[in-house]
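# what follows is a protein structure lacking sequence information:
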């Protein structure tokens, strides 16, 4: 079809963000090579756009392309029937599967060997898979295969790397009655954006990091890089997965300005419109699961950062005030730190100072 200059052709999900790709010039969309949700290497052709509707072009050979004779091309896959129940195929037999049939098998979580016996001596095509699905419940029994692409693949890779780091988590409980009192007096900033408890926490952590450069740092192969500014990462749960956009120079922002930046990056994250500059450069991370009813948890480091603060939910407890009992509101905070870069003593002092600020925040913040 005809495409205008600037018209959005497709979206690309990278390791960190999703980008819209626009047509650089007007023309005609002649062929779509890569389908939605395909994993595509950088530089690989995804579609053909020509100036004229009948302009000839040389379409590159792709796995899903058809051969010159009009027959679908096939890729050879070595199949081990021992991984599929009830397959009579010989171990190590090579079974040919068309690319479209292979995609359909992956979507339904069906092993190639489970269908190979029904089509001996010829390649498996889409019709074979569809017939198998129509006469068998194997597709449902096998569950749904979720491909590791884009953000999910990045999360899996980064979490595996994080697990190899010697990290320690320490916890502190904070009475936040004074914080709640001040919070109740300032519901929103001058811009009309509501201020949340997360904004108070980001403020307290950012200020404390100024006197604890060992916590506001990255660990790398060449050493520990400490920063004089605070770029606060804020973990955001999105339908596509966990992302950590950054509030830049959080140590220089007022409470209302922190709230504005939090809402901005949250909205970008939920709409999957974060750009690289929104995700790069974080020096410390705050992860708040209190809104989900979680009391305490062990946050994992967002490498190469050396610290992350986990925020738990609020609970009512009974405390002793002189000779009287009274109720109080308490929150749990969990600090995970990279023990290669920070020892337990400095980490405990940092968490203690954050806790003191949140227990009795200065009125000047509002």
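Received, thanks. These numbers come from a predicted model, not from an experiment.
# residue 185 touches residue 361, doesn't it?
No. Using CB atoms under 8 Å as the test, residue 185 is too far from residue 361 to be in contact (11.4 Å). C-beta here means a position set from N, CA and C on the backbone, and glycine is covered the same way.
# these two - which one has more neighbours?
Neighbour totals were compared for residue 185 and residue 361, and residue 361 leads with 21 against 8 (other CB atoms under 10 Å).
# does the more buried one belong to a helix, a strand or coil?
With DSSP: H, G, I helix; E, B strand; the rest coil as the basis, residue 361 sits in coil.
# I figured it hits residue 181, correct?
No. At 9.7 Å, residue 361 does not count as touching residue 181 under the criterion of CB under 8 Å.
# so what's the residue count around residue 211?
Residues near residue 211, counting by other CB under 10 Å: 11.
# separation between it and residue 18?
Using CB to CB, to the nearest Å, residue 211 is found at 38 Å from residue 18.
# one more: residue 273?
Counting by CB to CB, the gap from residue 273 to residue 18 is 7 Å.
# so these two - more neighbours on which side?
Applying other CB under 10 Å to residue 273 and residue 18 shows that residue 18 carries more neighbours, namely 16 against 13.
# quick one: contacts for the more buried one?
11, 12, 150, 272, 273, 274 (CB atoms under 8 Å, 6 or more residues apart in numbering).
# rerun that using 7 Å as the cut-off
11, 12, 272, 273 (CB atoms under 7 Å, 6 or more residues apart in numbering).
# what of residue 119?
Counted by CB under 7 Å, 6+ apart, residue 119 has contacts residue 128.
# so how far is stretch 179-193 from its chain's centroid?
30 Å (CA atoms, centre = their mean, to the nearest Å).
# what is the end-to-end distance of that stretch?
19 Å (CA to CA, to the nearest Å).
# just give me the residue right at the centre of this structure.
residue 242 (3.3 Å; CA atoms, centre = their mean).
# show me the contacts for that one.
Contacts of residue 242 (CB under 7 Å, 6+ apart): 155, 235.
# could you look up the SS state of it?
Residue 242 - assigned by three-state DSSP - is strand.
# report pLDDT for it.
Note for residue 242: predicted pLDDT of 90.
# tell me how far it lies from residue 353.
Residue 242 is 28 Å from residue 353, by CB to CB.
# one more: residue 168?
18 Å.
# out of those two, which sits in the busier spot?
residue 353 (17 against 14).
# list the contacts of the more buried one.
residue 208.
# next, it: phi, psi?
Dihedral angles phi and psi of residue 353 (degrees, to the nearest 10) take the values phi -70, psi -40.
# and the pLDDT at it?
For residue 353, pLDDT reads 98.
# ranges for the strands of the stretch 101-250 of the chain?
Along the stretch 101-250 of the chain, the segments classed as strands by DSSP state E, counting those that start in this stretch run 167-175, 217-220, 223-226, 232-234, 236-238, 241-243, 246-247.
# mean pLDDT lowest for which of the ones you listed?
Minimum mean pLDDT among the strands of the stretch 101-250 of the chain: strand 241-243, a mean of 89.
# any low-confidence regions in the protein?
15-16, 59-95, 117, 120-121, 136-145, 147, 149, 189 (pLDDT under 70).
# mind running it again at 50?
61-93, 139 (pLDDT under 50).
# okay, helices next: where are they in it?
With helices called from DSSP state H, the chain shows them at 99-108, 113-116, 126-135, 138-141, 150-163, 177-185, 197-209, 255-270, 276-279, 344-359.
# closest one to residue 291 among these?
Ranking the helices of the chain by proximity to residue 291 (CB to CB) places helix 197-209 first, at 8.9 Å.
# how much does that closest one deviate in direction from helix 255-270?
Per axes from the mean of the first three to the mean of the last three CA atoms, to 10 degrees, the angle that helix 197-209 makes with helix 255-270 is 110 degrees.
# can you list contacts of helix 197-209?
So helix 197-209 is in contact with 179, 183, 215-216, 230, 232, 247, 250-251, 255, 258-259, 262, 284, 286, 288, 309, 311, 350, 353-354, 357-358, 361, 365, going by CB under 7 Å, 6+ apart.
# swap in 6 Å and give it another go.
Identification of contacts with helix 197-209 by CB atoms under 6 Å, 6 or more residues apart in numbering yields 215-216, 230, 232, 250-251, 255, 258-259, 284, 286, 288, 309, 311, 353-354, 357-358.
# likewise for stretch 45-63?
Under CB under 6 Å, 6+ apart, the answer for stretch 45-63 is 27, 28, 29, 30, 31, 32, 33, 34, 40, 99.
# just the ones in strands from these, please.
27, 28, 29, 30, 31, 32 (DSSP state E).
# for the fifth one, which non-adjacent residue is spatially closest?
Leaving out its chain neighbours, the residue that sits closest to residue 31 by CB to CB, 6 or more residues apart in numbering is residue 48, at 4.3 Å.
# that neighbour: neighbour count?
Applying other CB under 10 Å, I find that residue 48 has 17 neighbouring residues.
# what's the answer for residue 325, then?
9.
# could you measure the residue nearest to it when sequence neighbours are not counted against residue 180, distance?
Setting aside the residues directly before and after it, residue 325 is nearest to residue 318 in space (CB to CB, 6+ apart), at 5.5 Å. Counting by CB to CB, the gap from residue 318 to residue 180 is 17 Å.
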